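A.B. asks: Generate coordinates for the sequence data below:
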Amino acid sequence: MAAGRDFPPEKPLLDLAQAVPAYPPAEALTAHLADAVRRPETARYTPIVGRGDLRSALASALSEAYGGDVTRDQVAITAGCNQAFCLALMALAGPGDEAILAAPSYFNYQMWLEMLGIAPVYLPFRPERGGVPDPADAAARITPRTRAIVLVTPNNPTGAIYPPAVIEEFHRLARDAGLALVLDETYRDFLPGDGPPHGLLARPDWDRTLIHLYSFSKVYSLTGYRVGALVAGAGLLAEVAKAADCVAICAPAIAQEAALYGLRNLSDFRADKRRLVLERVAQFRAVFARNDLAYELICAGAFFAYVRHPFAGTPAVDVAQRLIREENVLCLPGSAFGPDQDSYLRFALANIDGDAMALLGDRLVASQT
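C.D. replies: As a prediction, this is how the structure comes out:
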């Protein structure tokens, strides 16, 4: 049983809703944690912004990956990337301010902004650009109340991967306007290329504009451990620490132990999961090579794909409900991710394997009649 229903063996549920890795954590990691949990210090508080050795390890990993110079004092460890975003926006803006988001956007971010009284200002979705937002749209929406531009790449919900030149253009726009560029790179471990995603961290003054967000949850399959990171200037981190102390005090100590072990010991595991996810993306793309499929793939990358459904004028939630009711396919309506998204569906790719991908194509075709 799943989603409150029984699904027959001949037509099992295809769950493409939540972005949860289907693979378990590395056995070496769980064995290490089984030993670590016996140590008294794993039951205690850590420094508010995280263990120094973990912050140093992440700073070194970022410096190597991006060709930059990130220091421990520019890294804070948080209780997941969601908390990193929440703390960053609390430090940047307040009631009556605005933050620019690229539509469609991660719904937790929209909710948090609205809870703080910060107005989300949406960039229009650009399917003709493969879901990559246009910096010109952002320039036209900056007002005296704007405090930040928020980008997620690879994107949740669309899977779009923003080219380095586009990221650089957004950075120039934010820098020249005196804004923060909040760049959520939770899914950067699953990028198809081997070069750095952008050159911003290689700039000597990167911390004047850029706030980098990251999560250890996806690549190490640690979603329930809640461990992420916020990388920014030391001044901003001082403000972040004030808020963090009032919310969770620190990220869970055992989760920080897991993240540190992963950084130090699991490069092969990371590479293997990257290959796995890239294979899933390729398999999903192959589904849409069928001549009999009226659904249109707009973009796909990392854990996600964004698809235009063929039922013009039908709300996306109705299409999603029909897919689960009639075809046992669970996905999310585009309307969950912001305005003007009723033509789209969001699929999370990490939950099913290649055989299930073929079943997905058959069921989408069946749903067209």
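
A.B. asks: need the contact list for Gln256.
C.D. replies: Residues near Gln256 by Cβ atoms under 8 Å, 6 or more residues apart in numbering: 46, 50-51, 54, 77, 227. C-beta coordinates here come from the backbone N, C-alpha and C atoms, glycine included.

A.B. asks: What separation do you get for Arg51 and Ser60?
C.D. replies: Distance, Arg51 to Ser60, by Cβ to Cβ, to the nearest Å: 14 Å.

A.B. asks: and Phe125, what element?
C.D. replies: Per DSSP states H and E, Phe125 falls between elements, in no helix or strand.

A.B. asks: quick one, what contacts it?
C.D. replies: Phe125 neighbours (Cβ under 8 Å, 6+ apart): 102-104, 131, 340-341.

A.B. asks: Now a ChimeraX select for only the buried ones of those residues.
C.D. replies: Selecting only the buried members of the contacts of Phe125 in ChimeraX, with burial defined as 16 or more other Cβ atoms under 10 Å, works like this:
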select :102,103,104,131,341
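
A.B. asks: Could you export the contacts of Phe125 to TSV, including columns for secondary structure and pLDDT?
C.D. replies: Output for the contacts of Phe125, formatted as TSV (DSSP: H, G, I helix; E, B strand; the rest coil; pLDDT from 0 to 100):
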residue	secondary structure	pLDDT
Ala102	strand	95
Ala103	coil	94
Pro104	coil	96
Gly131	coil	96
Asp340	coil	93
Gln341	coil	96
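
A.B. asks: Looking at the contacts of Phe125, spot the one nearest Ala202.
C.D. replies: Nearest to Ala202 among the contacts of Phe125 is Ala102, at 23.7 Å by Cβ to Cβ.

A.B. asks: okay, which residue is most central for the chain?
C.D. replies: The chain has Thr186 as the residue nearest its centroid, 4.4 Å off, counting by Cα atoms, centre = their mean.

A.B. asks: Leu183: what secondary structure?
C.D. replies: Under DSSP: H, G, I helix; E, B strand; the rest coil, Leu183 falls in the strand class.

A.B. asks: That one contacts Val166, doesn't it?
C.D. replies: No: using Cβ atoms under 8 Å, Leu183 makes no contact with Val166, being 11.6 Å away.

A.B. asks: Which of the two has more residues huddled nearby?
C.D. replies: Taking other Cβ atoms under 10 Å, Leu183 and Val166 do not tie; Leu183 has more neighbours (27 against 18).

A.B. asks: So for the residue nearest to the centre of the chain, what's the nearest residue that isn't a sequence neighbour?
C.D. replies: Distances taken as Cβ to Cβ, 6 or more residues apart in numbering place Ser215 nearest to Thr186, at 4.2 Å, with adjacent residues excluded.

A.B. asks: Quick one: neighbours of that neighbour, just the number.
C.D. replies: Neighbours of Ser215 (other Cβ under 10 Å): 25.

A.B. asks: Dihedrals phi and psi, it?
C.D. replies: phi -130, psi 140 (degrees, to the nearest 10).

A.B. asks: quick one: Ala255 from Tyr187, how far?
C.D. replies: Ala255 is 19 Å from Tyr187, by Cβ to Cβ.

A.B. asks: whoops, Leu349 was the one
C.D. replies: 11 Å.

A.B. asks: Can you pull the residues that touch both of the two?
C.D. replies: By Cβ under 8 Å, 6+ apart, the residues touching both Leu349 and Tyr187 are Phe303.

A.B. asks: How about the contacts made by the residue nearest to Thr186?
C.D. replies: Counting by Cβ under 8 Å, 6+ apart, the residues that Ser215 touches are 80-81, 84, 186, 227-229.

A.B. asks: Please tabulate these in TSV, including the columns secondary structure, distance to Asp137 and pLDDT.
C.D. replies: TSV is the format used below for the contacts of Ser215 (DSSP: H, G, I helix; E, B strand; the rest coil; distance: Cβ to Cβ, whole Å; pLDDT from 0 to 100):
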residue	secondary structure	distance to Asp137	pLDDT
Gly80	coil	29	94
Cys81	helix	25	95
Ala84	helix	25	97
Thr186	coil	23	96
Val227	coil	34	96
Gly228	strand	28	97
Ala229	strand	29	98
